[in-house]
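# Take this sequence and fold it.
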Amino acid sequence: MNFKLVLRLLGLLSKAFSAITIIPLLIAMAVDHEQIIVFLETLIISVGVSRLFLYYGTKKTTQRLRIREAMAIVGCGWMLVCILGAIPYLLYGMGMVDSLFESVSGFTTTGVTTVRTFDEFSKSVLAWRCLTHWFGGIGVIMLFIVIMPQMNNGASYLFNAELPGAVAERTLPRIKESAALIVGIYAGLTIIEIFLLMLGGVHFYQAINLALATMATGGFSFYHDSLIKFDSVYVEVVCIAFMLISSMNFSLYYKIWRGDWQAFKDDSEHRYYLGLLAVAAVAITLNLYHTGYMDWENSLRHGLFQAISIGSTTGFASDDFNNWPSFSRYVLLILMFIGGCSGSTAGGMKISRVVILLKASWAELLRTLHPRIVYSIKMGGSVIEPAIIGNITRFFFLYMIVFMVLTIAISLTGISIMESIGIIAACLSSVGPAFGVVGPTSTYSDISTFGRIVTICAMLLGRLEIFTLLVILRPDFWRNKQNW
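Here you go, the predicted model:
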C-alpha cells in the first residue's frame with residue numbers, strides 16, 4: 001500500500017471540499033449573517049485537513065495508482081467527505097450522530113433528515129444541504145478525478161467505482177476528459193431544469209433546490225411533504241423528465257451530442273429501464289383507480305410520477321403513497337431495490353444487473369433441460385463474460401445479506417418488520433422516504449439513535465455498492481506484504 005499517495009489524493013479531495021464550502025459561506029454573508037462563523041470554521045478545518053494530508057503525502061505528481069490505492073481512496077474519500085460535511089451541522093447545534101446523518105444523507109443523495117420540519121434550518125444550511133446533494137450525485141471522487149493528474153490505469157478504478165453497474169463505460173479514451181465531460185453535462189442539465197421550473201412560476205431559490213435534488217436523484221425538498229406542497233402538474237412533469245434523464249447512463253448523452261443516435265438505439269439497458277417503469281406505472285395506476293382510491297386522472301398522474309420517482313431513486317412524492325393500497329406499495333418497494341441505470345446518479349442494484357441475473361437464471365434453466373446446450377448471455381448486443389456474471393451474482397448475494405442483517409438490526413429498535421424492510425431498502429438504494437414511520441410526509445425524526453446509526457451504514461454501503469466499503473475494513477487490505 002502506497003500510503004503517501006493515498007494521503008496526497010485525500011488531501012486534494014479535502015482541498016476540493018474546501019472550495020465547495022465557499023458557496024454557503026457567501027450565501028451566509030448575503031442573507032444569513034449568524035451562520036457566517038459556521039461555514040468559516042468549516043472552511044478553516046477542511047483547509048487544515050487538506051494541508052495536513054498534503055504535507056505527509058507524496059510530493060510526486062505522477063505515480064502509478066494500483067487497485068488497492070484506488071479502492072482506499074474511494075472508500076476513505078467518501079467517509080472523509082461525509083465527516084467534513086457534518087461539521088456545519090455540528091457547529092449549527094445538532095448532535096454528532098444527527099450531524100453525520102444529515103451529511104451522509106446529502107452526499108449519498110438519500111435526501112432524508114432527522115429534523116421534523118425544514119424550518120429548523122437556516123437558509124445557508126439549507127443551501128449547504130442542497131449542494132451536498134448535487135455534488136454527491138455526480139460523485140465527490142468524480143470531481144476529484146477532474147483535478148487529479150492522469151495516473152496510469154489506476155484512475156479507471158476510481159472511475160468505475162463512481163459510475164457503478166454491470167459495466168461502467170468510458171465515454172472518452174482519457175478518464176480525466178470523460179469525467180470533465182460528465183460534469184459539464186450534469187451542470188448544463190441542472191441549469192436547464194432551473195430555467196424550466198422558473199417558467200412554471202417556481203421561486204428562484206426553490207427552483208435551484210429542486211433542480212439540484214432532481215439531477216442528483218436525491219429528492220431533497222424545502223418542504224417535509226416534498227412536491228405535495230406545490231400541487232403543480234407542470235412541476236411534476238418537469239421533474240419526471242429530469243428524473244428520467246439523470247437516472248440513465250450519462251455516456252449516452254455524449255454520444256447523442258456527437259450525433260451518434262445509433263448508440264442510443266443499440267443500448268438495451270435504458271429500454272429495459274423505461275419498460276420496467278412503464279409497467280410499474282400502469283400497474284399502480286390501475287390499482288389506484290380500481291380500488292376507488294383516486295379517480296382516473298389522479299391515478300394516472302400520481303401513479304406515473306411515483307413510479308418514476310421511486311424507480312429513479314429520487315424519492316420525491318406527489319401524494320402520500322404511505323396510504324396507498326398494498327399492491328401499489330409493494331410495486332414501489334420492488335422499484336426501490338432495482339434502481340436506475342449504470343453510469344447514472346441513481347442508486348439501487350441497477351437494472352443492468354437485474355436483467356443479467358434474470359438471463360443467467362433462464363440460461364441455467366435451459367441447461368437443466370438441455371445439458372449440452374450452448375447459451376450466451378448478451379446485453380446490448382455484447383456477450384457478457386462469465387467473470388462479469390459471477391461478479392454480479394456475488395454482488396447480489398452480498399447485497400441481500402447486508403439487507404437482511406441491517407433490517408434485523410433496525411427492527412431491534414421496535415420498528416415493525418415491514419417498516420424495517422422499507423427503511424433499509426430506501427437507504428441502501430438512496431431513495432429516502434419509505435413506508436410507515438418514515439413515509440413521504442414524515443422524516444426520520446422518530447428513529448432512535450441506534451436506528452440512525454444503522455441507516456447511516458446502509459446509506460454508505462449502498463452508495464459505495466457494498467464491496468468498496470467492506471473490503472477496506474479487512475485488516476489484510478492495509479498490509480504492505482499483500483500483492484494487489
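# doesn't Ser299 make contact with Met293?
Rather than Met, residue 293 is Tyr. Yes. Contact criterion C-beta atoms under 8 Å: Tyr293 and Ser299 qualify, at 7.5 Å. Where C-beta positions appear, they are placed from N, C-alpha and C, glycine not excepted.
# more crowded one of those two?
Neighbours per residue (other C-beta atoms under 10 Å) separate Tyr293 from Ser299, with Ser299 holding more: 21 against 16.
# which SS state does that one fall under?
Following DSSP: H, G, I helix; E, B strand; the rest coil, we place Ser299 in the helix state.
# can you map out the helices along the stretch 1-150 of the chain?
Secondary structure of the stretch 1-150 of the chain (DSSP state H, counting those that start in this stretch): helices at 3-31, 36-56, 67-92, 96-107, 123-138, 140-147.
# How about the stretch 301-450 of the chain?
Using DSSP H, counting those that start in this stretch, helices in the stretch 301-450 of the chain cover 326-338, 351-369, 386-411, 417-428, 449-463.
# Highest mean neighbour count out of those helices?
When these are scored by mean count of other C-beta atoms under 10 Å, the highest mean neighbour count falls to helix 417-428 (a mean of 24).
# Summarise which helices and strands that one is packed against.
Packing partners of helix 417-428 (3 or more C-beta pairs under 8 Å, 6 or more residues apart in numbering; DSSP states H and E): helix 326-338, helix 386-411, helix 449-463.
# And the average pLDDT for that helix is what?
The average of the pLDDT scores along helix 417-428 is 92.
# Let's have the helices of the stretch 1-150 of the chain in a markdown table, adding mean pLDDT, distance to Phe337 and mean neighbour count.
A markdown table is the format used below for the helices of the stretch 1-150 of the chain (pLDDT from 0 to 100; distance: least, C-beta to C-beta, whole Å; neighbours: other C-beta atoms under 10 Å):
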| stretch | mean pLDDT | distance to Phe337 | mean neighbour count |
| --- | --- | --- | --- |
| helix 3-31 | 88 | 31 | 20 |
| helix 36-56 | 91 | 35 | 17 |
| helix 67-92 | 87 | 22 | 22 |
| helix 96-107 | 93 | 19 | 24 |
| helix 123-138 | 88 | 20 | 25 |
| helix 140-147 | 46 | 25 | 21 |
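# ok, back up a step: among the helices and strands packed on helix 417-428, which comes closest to Gly311?
Closest to Gly311 of those is helix 326-338 (C-beta to C-beta; 4.3 Å).
# how about the closest one as CSV, C-alpha atoms only?
This file holds the C-alpha atoms of helix 326-338, laid out as CSV (Å, rounded to 0.1, in the frame of the first residue of the first chain):
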residue,chain,number,x,y,z
SER,A,326,-50.9,-2.6,-0.5
PHE,A,327,-50.3,-3.7,-4.1
SER,A,328,-49.1,-0.2,-5.2
ARG,A,329,-46.8,0.0,-2.2
TYR,A,330,-45.2,-3.4,-3.0
VAL,A,331,-44.6,-2.3,-6.5
LEU,A,332,-42.8,0.8,-5.2
LEU,A,333,-40.8,-1.4,-2.8
ILE,A,334,-39.6,-3.6,-5.8
LEU,A,335,-38.6,-0.5,-7.7
MET,A,336,-36.5,0.7,-4.7
PHE,A,337,-34.4,-2.5,-4.9
ILE,A,338,-33.8,-2.3,-8.7
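# Check the offset of that helix from the chain's centre.
Mean-position distance between helix 326-338 and its chain equals 18 Å (C-alpha atoms, centre = their mean, to the nearest Å).
# Which strands or helices does that helix pack on?
Under the contact definition 3+ C-beta pairs under 8 Å, 6+ apart, helix 326-338 sits against helix 269-290, helix 296-311, helix 417-428.
# same thing but at 10 Å, please
Judged by 3 or more C-beta pairs under 10 Å, 6 or more residues apart in numbering; DSSP states H and E, helix 326-338 is in contact with helix 269-290, helix 296-311, helix 351-369, helix 386-411, helix 417-428.
# what would those helices look like in TSV with distance to Val104?
What follows is the helices and strands packed on helix 326-338, written out as TSV (distance: least, C-beta to C-beta, whole Å):
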stretch	distance to Val104
helix 269-290	26
helix 296-311	20
helix 351-369	24
helix 386-411	14
helix 417-428	9
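# Nearest to Glu102, out of those helices?
helix 417-428 (13.7 Å).
# Just want the angle from that closest one to helix 96-107.
60 degrees (axes from the mean of the first three to the mean of the last three C-alpha atoms, to 10 degrees).
# Flag the shaky bits of this protein, pLDDT-wise.
61-65, 140-178, 380, 480-484 (pLDDT under 70).
# change it to 50
By pLDDT under 50, the low-scoring segments of the chain are 140-141, 143-173.
# What residue in it is the furthest from its centre?
Arg372 (42.5 Å; C-alpha atoms, centre = their mean).
# Next, find the distance separating the closest residue in space to Leu412 that isn't next to it in sequence from Ala180.
Closest residue in space to Leu412, ignoring its immediate chain neighbours: Phe450 at 7.4 Å, by C-beta to C-beta, 6 or more residues apart in numbering. As judged by C-beta to C-beta, to the nearest Å, Phe450 and Ala180 stand 42 Å apart.
# cool, Glu465 as well?
23 Å.
# Out of the helices and strands packed on helix 417-428, which is closest to Ala281?
Minimum separation from Ala281 across those (C-beta to C-beta) falls at helix 326-338, 9.2 Å.
# before we move on, back to that, now for the helices of the stretch 1-150 of the chain, which one comes closest to Leu252?
Among the helices of the stretch 1-150 of the chain, if distance is taken as C-beta to C-beta, the winner is helix 123-138, at 16.1 Å.
# that older thread, what touches both of Tyr293 and Ser299?
Both Tyr293 and Ser299 are in contact with 287, 328, where contact means C-beta atoms under 10 Å, 6 or more residues apart in numbering.
# Quick check: closest non-adjacent residue to Met79.
Nearest non-adjacent residue to Met79, counting by C-beta to C-beta, 6+ apart: Leu460, 7.2 Å away.
# Wait, that neighbour touches Ile83, no?
No. With contact defined as C-beta atoms under 10 Å, Leu460 does not count as touching Ile83 (11.3 Å).
# Residues in contact with stretch 295-303: which ones?
Stretch 295-303 is contacted from outside by 228, 233, 236-237, 280-294, 309, 317-321, 324, 328, 331, using C-beta under 10 Å, 6+ apart.
# Just the buried residues from the residues you listed, in ChimeraX please.
For the buried members of these, the matching ChimeraX selection, counting by 16 or more other C-beta atoms under 10 Å, is:
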select :228,236,280,281,283,284,285,286,287,288,289,293,294,309,317,318,319,320,321,324,328,331
